[in-house]
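Visitor: Just need the structure, nothing else, for what follows:
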Amino acid sequence: MQNKNITVVKSMDVLNLFLHHSELTLNEMVELLGVPKTSVHRMVGSLETMGFLQKNNEGKYLLGLQFLQFGQLVADRLDIRQLALPIMKELRDKAKEAVNLIIKDGNDAIYIEKLDTPHPVRLYTKVGRRAPLYAGACSRIILAFLKKEEQEHYLQETELTAIGTGTITDKDRMRQVLADARKFGYTISYSELENDTVSIAAPIFDHTGCLAAGLSIAGPDSRFGTDRLPELIDSIKNAAKEISFRLGYREGN
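Guide: Numbers count the residues shown, from 1 in each chain. As a prediction, the model looks like this:
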């Protein structure tokens, strides 16, 4: 680290100010940095020339449009499957249950990655499998974190048809389950897509704070006793948070 370029480091100090301030005058930057005004003026001038800072009509500086280009490139190049897979493997190895990654596709959820349990008794799922958003924990966690108006439109337009013995078909009950999922950050399903199964799911968010995917662990109900649920819930929530973090999500996004 001894060969850091001091000018680059100090320029980053300038840019880091805008993580917490939408706009700043030159004097405000000088005060916040505790650096001579001539040095700050020189760095700000260079950053403005390169498009990383821009000055508004009031003479205040804000982040330049160059960041939009770089930010979009980073977002476009993020592969959620690639980012999620190492965390999914850790979760599978810890929980010893199947782990699924699901995204929204129209009115369905589609499995885009899965890892099987090491147990001989397992659920049948595959990449590309679809499920309605209302049925099953991993699908429902996506529905739970949609915008309220989009969620309500879906419920009004969709018939909640039973798939397994535990599928929720009452819309008022569904609204309460969705509200609980948003409140607690996870949801559980019992025999909703397949009988005698349990699934626990948590949401994954992207760098804009929007829902990106759902993550779940699932298996036969015989392995999901009430004594084990708190540990599994913590594990799935923590794994989903880690994937969100790697996607650029921060609390308060």
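Visitor: Mind telling me which residue is nearest the centre of the protein?
Guide: Phe205 (1.7 Å; CA atoms, centre = their mean).
Visitor: Tell me the spacing between that residue and Leu247.
Guide: 7 Å (CB to CB, to the nearest Å). Where you see a C-beta, it was placed from the backbone N, CA and C, and this is true even at glycine.
Visitor: repeat for Thr158
Guide: In this view, Thr158 and Leu247 are 28 Å apart by CB to CB.
Visitor: So which of these two has more stuff around it?
Guide: Leu247 (19 against 15; other CB atoms under 10 Å).
Visitor: Hmm, Leu211 and the more buried one touching each other?
Guide: No - taking contacts as CB atoms under 8 Å, Leu247 lies outside contact range of Leu211: 11.0 Å.
Visitor: Residues that sit against both of those two, list them.
Guide: Ile204, Phe205 (CB atoms under 8 Å, 6 or more residues apart in numbering).
Visitor: ok, Arg175 - contacts?
Guide: Leu155.
Visitor: give me the number of residues near Ile200?
Guide: Using other CB under 10 Å, Ile200 has 25 neighbouring residues.
Visitor: Repeat that for Glu58.
Guide: So Glu58, with other CB under 10 Å, has 7 neighbours.
Visitor: gap between it and Glu23?
Guide: 8 Å.
Visitor: host element of the residue lying closest to Tyr186 once chain neighbours are set aside?
Guide: Closest residue in space to Tyr186, ignoring its immediate chain neighbours: Ala202 at 4.7 Å, by CB to CB, 6 or more residues apart in numbering. Using DSSP states H and E, Ala202 sits within strand 197-205.
Visitor: next helix or strand past that strand?
Guide: In N-to-C order, the element after strand 197-205 by DSSP H and E is strand 211-220.
Visitor: Any buried residues in that next one, and which?
Guide: By neighbour count with 16 or more other CB atoms under 10 Å, strand 211-220 contains the buried residues Leu211, Ala212, Ala213, Gly214, Leu215, Ser216, Ile217, Ala218, Gly219, Pro220.
Visitor: Check the offset of that strand from the chain's centre.
Guide: Averaging C-alpha positions (CA atoms, centre = their mean, to the nearest Å) puts strand 211-220 12 Å from its chain's average.
Visitor: Name the strands paired with it and say parallel or antiparallel.
Guide: Using DSSP bridges, strand 211-220 pairs in its sheet with strand 98-105 (antiparallel), strand 197-205 (antiparallel).
Visitor: Now render these as TSV, adding mean pLDDT and distance to Val127.
Guide: Output for these, formatted as TSV (pLDDT from 0 to 100; distance: least, CB to CB, whole Å):
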stretch	mean pLDDT	distance to Val127
strand 98-105	90	9
strand 197-205	94	17
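Visitor: Where does pLDDT dip in the stretch 101-250 of the chain?
Guide: Regions of the stretch 101-250 of the chain meeting the criterion pLDDT under 70 cover residues 119-125.
Visitor: same thing but 50
Guide: Applying pLDDT under 50 to the stretch 101-250 of the chain flags residues 121.
Visitor: Helices of that one, start to end?
Guide: 137-144, 148-157, 171-184, 229-246 (DSSP state H, counting those that start in this stretch).
Visitor: In the last one, which of the residues would be classed as buried?
Guide: Think helix 229-246. Per 16+ other CB under 10 Å, helix 229-246 contains these buried residues: Leu232, Ile233, Ser235, Ile236, Lys237, Ala239, Ala240, Lys241, Glu242, Ile243, Ser244, Arg246.
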